[in-house]
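Novice: below are the sequence and a predicted model; questions follow.
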Amino acid sequence: MPHASPSPTPPSLPSLPSLPPSASGPSDASGADGAGPRRLPLPDADIRLWPGWVPPDEADRWFEGLLHETPWTQPSTRVYGRTVPVPRRLAWYGDAAYGYSGLAHVPQPWTPLLAEIRARIEAACGQPFNGLLVNLYRDGQDRMGWHSDDEPVLGRDPTIASLNLGGSRRFDLRRRGTHRIAHSVELDHGSLLVMAGGTQHHWQHQIARTARPSAPRINLTFRRIFAPAA
């Protein structure tokens, strides 16, 4: 997330396994449409996209359930000295608190629906997740600014699994330290995007505001939180 607030760095955090580029197993599993993942052609990154990872009927059920059962909030954050509302709705679920950009999230307990989704994501990625940020983009005006998911509590090479439900939005990537978009991809209903390895060290991503008509979209980003040293 963007510009994480200072927090103690856990010593000797274990590196989470990256997704191997060619080995069979979870990283090569097919989506609901039978297609395997597409690897984004970016150096110093390990990013896989499964279009249609969730069957449409199941994706619809997940979307409707999350839309109505999630306790959405819209916290405020400081931007260039001003306090402004975050440009989307959100909720944090997990086994521990989580903070970034001056925001501190107290975790909601896992619901049966989210436990179901988490089990599916863990099976696809081959590793556990204990934290989940859920974002609701109500229309094209809701957005997420440029950032890397690189808070110390996520470990050295975090794996971020991003499930997309509802309306399609463009996902942009740029090299850290640059201002030019290097690659963009549409994240459609039921798609799964997984970022692993050194991706967060070298790349930033965003969901930009758009003037085109955009249906409501729910994005779930699963991650693993390591407890900081006492």
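Specialist: All right, it came through fine.
Novice: His202 is in contact with Asp46, isn't it?
Specialist: No. With contacts counted by Cβ atoms under 8 Å, His202 stays clear of Asp46, the gap being 10.4 Å. For every residue, glycine as well, the C-beta is placed using N, CA and C.
Novice: between these two, which is the more surrounded one?
Specialist: The neighbour count for His202 versus Asp46, taken as other Cβ atoms under 10 Å, is higher for Asp46 (20 against 16).
Novice: mind listing the residues bridging to that one?
Specialist: Ala196 (DSSP bridges).
Novice: quick check: it vs Arg61, distance?
Specialist: Remark: distance between Asp46 and Arg61 (Cβ to Cβ, to the nearest Å) = 30 Å.
Novice: ok, now Ile225?
Specialist: From Ile225 to Arg61 the distance is 28 Å (Cβ to Cβ).
Novice: residues near Ala96, how many?
Specialist: What Ala96 shows, counting by other Cβ under 10 Å, is a neighbour count of 15.
Novice: any figure for the gap between the nearest residue to it once chain neighbours are set aside and Met195?
Specialist: Nearest residue to Ala96 in three dimensions, chain neighbours excluded: Ile225, at 5.0 Å (Cβ to Cβ, 6 or more residues apart in numbering). According to Cβ to Cβ, Ile225 stands 16 Å off from Met195.
Novice: and for Trp53?
Specialist: From Trp53 across to Met195, the span is 15 Å (Cβ to Cβ).
Novice: find the least confident helix or strand in the chain, judged by mean pLDDT.
Specialist: strand 98-100 (a mean of 66; mean pLDDT, DSSP states H and E).
Novice: just for the chain, where's the confidence low?
Specialist: 1-35, 99-103, 228-230 (pLDDT under 70).
Novice: ok, now with 90
Specialist: 1-36, 75-85, 95-107, 226-230 (pLDDT under 90).
Novice: can you pull out the helices in it?
Specialist: Using DSSP state H, the helices found in the chain span residues 56-69, 112-125, 199-202.
Novice: I'd like to know which of those helices lies nearest to Ser191.
Specialist: Taking Cβ to Cβ, helix 56-69 is the member of the helices of the chain nearest to Ser191, at 9.1 Å.
Novice: what about Ile225 and Arg61, which has more around it?
Specialist: Neighbours per residue, other Cβ under 10 Å: of Ile225 and Arg61, the larger number sits with Ile225, 19 against 14.
Novice: contacts only, for that one.
Specialist: Gly94, Asp95, Ala96, Tyr98, Asn130, Gly131, Val153, Leu154 (Cβ atoms under 8 Å, 6 or more residues apart in numbering).
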